[in-house]
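**Q** Provided below for reference: sequence and predicted model.
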Amino acid sequence: MAFWETEFVGLMDFIDNLIVKYKNKDFILSVLKELKRIRNIVPLNPGIVSMCAYGIIKPAEKEEFENGEYLVITKNEEEYFGHTKSDTENIYIENFTIPRGEIANIYYIKRDTVEEFWPTLIHEVREK
């Protein structure tokens, strides 16, 4: 199998696109940690890791998320990432107050990508 036929290239493309699309380094690091968690679940199959990679980042609606979630919010070309709180008019993320009407996009990191993609891969560890 040639290098370009492996799933490694797909993972590198995912990482390259992640760095181009998002500017917030903490968000990028959190996505990479989730990718590492997925790799730990299925260490011998990089193809599954590659397929799951593109399902990690999901858009959220301004009204759908719960307080305390980690989100990245874009507003005027700037990105804010962290724990969120909200009320009817604003979203509070770290030390920033962002009016809901000024939000361009909201994304969250999906933590059950493998479980949703291929549930039979998830097994409980039995104690001896």
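**A** Structure received.
**Q** the longest helix in this structure is where?
**A** helix 25-41 (DSSP state H).
**Q** shouldn't residue 68 be in contact with residue 83?
**A** Yes - the criterion here is Cβ atoms under 8 Å, and residue 68 meets it with residue 83 at 5.8 Å. Bear in mind the C-beta positions are built from the backbone N, C-alpha and C, glycine included.
**Q** so what pLDDT did residue 121 get?
**A** Per-residue pLDDT puts residue 121 at 68.
**Q** who's the spatially most central residue of the chain bridged to?
**A** In the chain, the C-alpha nearest the mean C-alpha coordinate belongs to residue 109, at 2.9 Å (Cα atoms, centre = their mean). Residue 109 forms beta bridges with residue 57, as assigned by DSSP bridges.
**Q** quick one: contacts for it?
**A** 27, 30, 31, 34, 56, 57, 58, 70 (Cβ atoms under 8 Å, 6 or more residues apart in numbering).
**Q** where does residue 10 sit, in terms of helix or strand?
**A** helix 8-21 (DSSP states H and E).
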